[in-house]
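**Student:** sequence first, predicted model second:
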Amino acid sequence: MLDNANDGSNSKSMSIIATKGALDWAYPPFILGTTAAAMDMEVTMFFTFYGLELLKKDMDLKISTLGNPTMKFPMMGMHIGMPNIMGMVPGVDAGASMMMKNLMNNKGVATIADLRDAALESDVRMIACQMTLDLFEIKGTDLIDGVEIGGAATAIEVAAKSDINYFM
């Protein structure tokens, strides 16, 4: 990562730590990362724990209604909420995930795979957490091409030099 404070440029840098692998939690880091890259910012994304799912070749992202009491879907001309307790019923998360994917498709929202590809095309640096790979027994070959492997020290080094830091 460049030290922009001393090179005379006006470019900024951003680091994002992605810790969640659910469908609804996957969007913020990729939207912010690709937008910052489009604004000529140097972007590094560090994926750890369940966020590592976002770097797998085969993603099957879902949402969970449990613990998400503000989740509402536009239906029948209004926004219908789902009682939190419904998240415990088998099949509800799968149904809610399908509804969310359909809603996003109908509204023209890019998929996570599309945003991830855009990040790679925009030279966003993506780093998979070595400890998490070891912990969950995930092989580097399970991940998409273009991903670096690094540890906490790498994430801290990048964050220490970044103008903007996000933890998601």
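**Tutor:** Done, it's in. Numbers count the residues shown, from 1 in each chain.

**Student:** okay, now the unreliable bits of this protein?
**Tutor:** Within the chain, the stretches with pLDDT under 70 are 1-10, 66-76, 78, 80-88.

**Student:** nearest residue to the middle of it?
**Tutor:** A26 (3.5 Å; Cα atoms, centre = their mean).

**Student:** could you pull up the residues touching that residue?
**Tutor:** A26 sits next to A18, K20, L54, L61, I112 when contact means Cβ atoms under 8 Å, 6 or more residues apart in numbering. From N, CA and C alone the C-beta is placed, and that goes for glycine too.

**Student:** quick one, what contacts the first one?
**Tutor:** The reference is to A18. For A18, the residues meeting the contact criterion (Cβ under 8 Å, 6+ apart) are A26, P29, M45, F46, F47, T48, G51, L54, M168.

**Student:** state the distance from the closest residue to the residue nearest to the centre of the chain other than its chain neighbours to G21.
**Tutor:** The spatially closest residue to A26, leaving aside those adjacent along the chain, is I112, at 4.7 Å (Cβ to Cβ, 6 or more residues apart in numbering). Using Cβ to Cβ, to the nearest Å, I112 is found at 10 Å from G21.

**Student:** cool, and A118?
**Tutor:** Shown here: A118 relative to G21, a distance of 19 Å by Cβ to Cβ.

**Student:** ok, now L135?
**Tutor:** If you measure L135 against G21 using Cβ to Cβ, the figure is 14 Å.

**Student:** neighbour count: these two, which is higher?
**Tutor:** Taking other Cβ atoms under 10 Å, L135 and G21 do not tie; G21 has more neighbours (21 against 12).

**Student:** need the contact list for the more buried one.
**Tutor:** With Cβ under 8 Å, 6+ apart as the criterion, the residues that contact G21 are Y50, G51, L52, E53, L54, L61.

**Student:** residue boundaries of the strands in the protein?
**Tutor:** With DSSP state E as the criterion, the chain has strands at 13-18, 42-47, 72-75, 78-81, 125-129, 148-150, 164-167.

**Student:** distance to T34 added to those strands, as a markdown table?
**Tutor:** Below are the strands of the chain laid out as a markdown table (distance: least, Cβ to Cβ, whole Å):
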| stretch | distance to T34 |
| --- | --- |
| strand 13-18 | 11 |
| strand 42-47 | 8 |
| strand 72-75 | 25 |
| strand 78-81 | 28 |
| strand 125-129 | 12 |
| strand 148-150 | 18 |
| strand 164-167 | 13 |
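
**Student:** from the contacts of G21, list the buried ones, please.
**Tutor:** Neighbour-count burial (16 or more other Cβ atoms under 10 Å) applied to the contacts of G21 gives G51, L52, E53, L54, L61.
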